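Enquirer: structure for this input, please:
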Amino acid sequence: QLTDLLQQYATSFRDPMMLQPPEWFKAFIYCEAFLQLPFFPVAAYAFLKGGCRWIRTPAIIYSTHVATTLFAILAHILFHDFSKSEHAGPRSLRERLVLLSIYLPYLLIPLLLLFTMLCNPHYKHVEKRKRK
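Expert: Predicted coordinates for the structure are as follows:
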């Protein structure tokens with residue numbers, strides 16, 4: 001059952017945000033559901049088809065949004081006092097780093113996408129339309 005799997009994850013990795021998310025984390029979840037998830041099939045189409053330069057702006061918006069949310073989550077993991085949490089949070093630096101390593105790929109992949117969109121000559125090139 002999914003709730004058991006969630007409970008097992010939260011206990012194993014000491015991630016109380018999954019069992020009792022703070023309000024700001026809930027806002028990120030809604031952003032993911034209504035902004036990020038709809039982007040995935042569009043991006044998959046553009047990247048699988050290839051040559052779709054129009055994906056540059058949506059990909060930049062997506063990747064900067066995700067990176068921004070992840071900076072907040074990672075800072076919370078590193079600096080929050082979890083001793084007052086209802087559910088067990090990380091107690092040591094090692095446990096914080098383990099939890100951080102779970103979330104880190106969700107930052108690195110959007111940053112790679114952002115740098116690709118900003119630095120790859122294929123996506124940087126702007127075609128000028130011919131006037132009639």
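Enquirer: so who does the residue lying closest to L100 once chain neighbours are set aside touch?
Expert: In space, and not counting its chain neighbours, L100 is closest to I77: 5.2 Å by CB to CB, 6 or more residues apart in numbering. Backbone N, C-alpha and C define where each C-beta goes, glycine included. By CB atoms under 8 Å, 6 or more residues apart in numbering, I77 lies in contact with P90, R96, L99, L100, Y103.
Enquirer: what is the mean pLDDT for the longest helix belonging to the chain?
Expert: In the chain, assigned by DSSP state H, the helix with the most residues is helix 56-79. Mean pLDDT, computed over helix 56-79, is 96.
Enquirer: the helix or strand that that helix is followed by: how far from the chain's middle?
Expert: As assigned by DSSP states H and E, the chain's next helix or strand after helix 56-79 is helix 93-103. Distance of helix 93-103 from its chain centroid, counting by CA atoms, centre = their mean, to the nearest Å, is 16 Å.
Enquirer: got the angle for helix 93-103 vs helix 56-79?
Expert: Interaxial angle of helix 93-103 relative to helix 56-79 (axes from the mean of the first three to the mean of the last three CA atoms, to 10 degrees): 160 degrees.
Enquirer: which parts of the very next helix or strand once past helix 93-103 are buried?
Expert: Using DSSP H and E, the helix or strand that follows helix 93-103 towards the C-terminus is helix 105-119. Of the residues in helix 105-119, L107, P110, L113, L114, M117 count as buried by neighbour count, 16 or more other CB atoms under 10 Å.
Enquirer: go on, stretch 58-65?
Expert: Across stretch 58-65, burial judged by 16+ other CB under 10 Å covers A59, I60, Y62, S63, H65.
Enquirer: which residues touch the residue nearest to P90 when sequence neighbours are not counted?
Expert: Distances taken as CB to CB, 6+ apart place R96 nearest to P90, at 4.3 Å, with adjacent residues excluded. Counting by CB under 8 Å, 6+ apart, R96 touches I77, L78, P90.
Enquirer: which of those lies closest to W54?
Expert: I77 (35.6 Å; CB to CB).
Enquirer: much appreciated, bye for now.
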